[in-house]
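Engineer: pasting the sequence and the predicted model now:
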Amino acid sequence: MRIACIATSEVPSRKANSIRVMKVCQSFTELGHSVRLWLPGRTPDVSWMELSDHYGLRDQFPIRWLRGFNMLRRYDFCLLALLDAVIWQADLFYVWPLQGAAIASRLGLSTALEIHDLPSGNFGPWLFRNFLRGSGARRLLPITDALRYWLAREYKISLKEPFTVVSPLAVDIDQYTDLPTAEVARRELDMEEAFTAGYTGHLYPGRGIDLLMELARRNPKMRFLWAGGEAVAIELWRKRLSNAGIKNVHMMGFVPNTQLPLIQAACDVLMLPHERRVSASGGGDIARFTSPMKMFEYLATGRAILTSDLPVLREVLNEDNAVLIAPEDIDAWNGALRVLEVNEDKRRALGNQARNDAVKYSWVERARRALEGLAD
């Protein structure tokens, strides 16, 4: 098929929405489809090699940036992208912005909408209804079953397969093949040899960074590795750690996608301490419906996972592949971390099951499920 992907993400960018758009496009190309991506804004001065390293891409696909007016709130961009894709003779319009999905569906263009959060704002619900009512609506792809259930209840519509396919985020399995042991990975990264608990991702409010800081304070002989975050947030947390006299946290800052697996492999335990309210890059609360990419990366790394016990995370994690703890129970987190430090067998069992489960969540398998039946 010819698949026109239309997104409003900034590329290149460190934001999760930017990464997932590029991973989705790559997965379609790996399945043998012809893919083009439309994005808003000026064409950046960046080479494909730089994009490939930044996002961990193997297959090149054309990207076209279209400039629009901010006051038109991406409606002009979506319309121009759709017209351009029609000229290209796209068979399927795989769309993230509600504006684009509504217009495409109403025009009768074969449309798949990937949705990550509730339709919001003055026009979000109206746009979503127009997508559903349009003759081109072929597939709805909510990232969690919790989001599918909420949409079905709110809009009083049956959102069952094959029209609706729950599509959690995923991991590039090939990047996580043949990873070294934690000890070997630490040597390759020139890190001190010590039991290491890691966190990779942004430092937004709600990500549990206060909890990570307290765990580091209580366990000065352990090493804590934090990778990710923007410069302002990194500087803020460095000052907080310094003021608290905490010296066993190593903050690496942003890490290119291609280097992330080795850094995660250097950890004995990987932590996902999401709170009950979680901020996204654009603000808002995504805790009820989130499907964090780091969760699937952690699974693929094959390390023990220590995670918040939230209903939406239990769609993927369970007692066999992770240790789940109430996000506000710092004593329980501390106790579980210390148990994992001394119980290597438990760490190994959790890690092996996590790695086995990760295969179900590859980007390519996700793409295959998302497109199943649409080529007909």
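Structural biologist: All right, it came through fine.
Engineer: so where do the helices sit in the chain?
Structural biologist: With helices called from DSSP state H, the chain shows them at 16-30, 48-55, 75-87, 98-106, 124-133, 145-155, 182-188, 209-218, 231-243, 260-265, 293-301, 330-342, 344-358, 363-371.
Engineer: okay, these in a markdown table with distance to residue 1 and mean pLDDT next?
Structural biologist: For glycine as for every other residue, the C-beta is placed from the backbone atoms N, C-alpha and C. Below are the helices of the chain laid out as a markdown table (distance: least, CB to CB, whole Å; pLDDT from 0 to 100):
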| stretch | distance to residue 1 | mean pLDDT |
| --- | --- | --- |
| helix 16-30 | 8 | 96 |
| helix 48-55 | 23 | 93 |
| helix 75-87 | 12 | 96 |
| helix 98-106 | 15 | 97 |
| helix 124-133 | 20 | 97 |
| helix 145-155 | 24 | 96 |
| helix 182-188 | 39 | 97 |
| helix 209-218 | 42 | 98 |
| helix 231-243 | 40 | 95 |
| helix 260-265 | 30 | 97 |
| helix 293-301 | 25 | 97 |
| helix 330-342 | 45 | 98 |
| helix 344-358 | 27 | 98 |
| helix 363-371 | 8 | 97 |
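Engineer: now those in a markdown table, with mean neighbour count?
Structural biologist: Putting the helices of the chain into a markdown table (neighbours: other CB atoms under 10 Å) gives the following:
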| stretch | mean neighbour count |
| --- | --- |
| helix 16-30 | 22 |
| helix 48-55 | 16 |
| helix 75-87 | 19 |
| helix 98-106 | 26 |
| helix 124-133 | 17 |
| helix 145-155 | 16 |
| helix 182-188 | 17 |
| helix 209-218 | 19 |
| helix 231-243 | 13 |
| helix 260-265 | 22 |
| helix 293-301 | 26 |
| helix 330-342 | 16 |
| helix 344-358 | 17 |
| helix 363-371 | 18 |
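Engineer: so which of these is nearest residue 165?
Structural biologist: helix 363-371 (5.7 Å; CB to CB).
Engineer: the helices of the chain: which one's closest to residue 307?
Structural biologist: With respect to residue 307, and counting by CB to CB, the nearest of these is helix 293-301 at 7.6 Å.
Engineer: please name the nearest non-neighbouring residue to residue 167.
Structural biologist: Distances taken as CB to CB, 6 or more residues apart in numbering place residue 141 nearest to residue 167, at 4.4 Å, with adjacent residues excluded.
Engineer: and for residue 209?
Structural biologist: Sequence neighbours aside, residue 203 is the residue nearest to residue 209 in space, at 5.4 Å (criterion: CB to CB, 6+ apart).
Engineer: burial of the one you found, as a residue count?
Structural biologist: For residue 203, the number of neighbouring residues by other CB atoms under 10 Å comes to 19.
Engineer: all further residue positions should be reported with the first residue as 31.
Structural biologist: All set: I'll call the first residue 31, so the last point we hit is now residue 233.
Engineer: wouldn't it be in contact with residue 262 here?
Structural biologist: No. Residue 233 lies out of contact with residue 262 (CB atoms under 8 Å); the separation is 9.3 Å.
Engineer: picking up where we left off before, ok, the residue nearest to residue 239 to residue 202 distance?
Structural biologist: 23 Å (CB to CB, to the nearest Å).
Engineer: repeat that for residue 38.
Structural biologist: Residue 38 is 23 Å from residue 202, where distance means CB to CB.
Engineer: neighbour count for these two, which is higher?
Structural biologist: Counted by other CB under 10 Å, residue 38 and residue 202 do not tie: residue 202 has more neighbours, with 26 against 21.
Engineer: surely the more buried one touches residue 392?
Structural biologist: Yes. In this structure, residue 202 is within contact of residue 392 by CB under 8 Å, at 7.2 Å.
Engineer: hang on, isn't residue 304 packed against residue 238?
Structural biologist: Yes. In this structure residue 304 lies within contact range of residue 238 using CB under 8 Å: 5.8 Å.
Engineer: spit out the residues that contact those two alike.
Structural biologist: Common contacts of residue 304 and residue 238 (CB atoms under 8 Å, 6 or more residues apart in numbering): 338, 357.
Engineer: hmm, back to that, how many neighbours does the residue nearest to residue 197 have?
Structural biologist: 21.
Engineer: tell me who's in contact with it.
Structural biologist: By CB under 8 Å, 6+ apart, residue 171 lies in contact with 142, 143, 144, 145, 194, 195, 196, 197, 400.
Engineer: hey, what's it bridged with?
Structural biologist: Residue 171 has these beta-bridge partners by DSSP bridges: residue 144.
Engineer: gap between residue 183 and residue 109?
Structural biologist: 31 Å.
Engineer: equivalent analysis for residue 281, please.
Structural biologist: Using CB to CB, residue 281 is found at 43 Å from residue 109.
Engineer: swap in residue 160?
Structural biologist: Look at residue 160 and residue 109: by CB to CB, they are 14 Å apart.
Engineer: same question for residue 192.
Structural biologist: Looking at residue 192 against residue 109, where the rule is CB to CB, the gap reads 29 Å.
Engineer: report the central residue of this structure.
Structural biologist: Centroid-nearest residue in the chain: residue 323, 3.1 Å away (criterion: CA atoms, centre = their mean).
Engineer: hang on, isn't that residue packed against residue 47?
Structural biologist: No. The criterion here is CB under 8 Å, and residue 323 misses it with residue 47 at 10.2 Å.
Engineer: tell me the contacts of the spatially closest residue to the residue nearest to the centre of the chain that is not a sequence neighbour?
Structural biologist: Excluding the flanking residues, the one nearest residue 323 by CB to CB, 6+ apart is residue 199, at 5.0 Å. Residue 199 is in contact with 50, 173, 321, 322, 323, 325, 326, 391, 396, counting by CB under 8 Å, 6+ apart.
Engineer: ok, now which ones touch the fifth one?
Structural biologist: Neighbouring residues of residue 323 by CB under 8 Å, 6+ apart: 46, 49, 50, 199, 200, 201.
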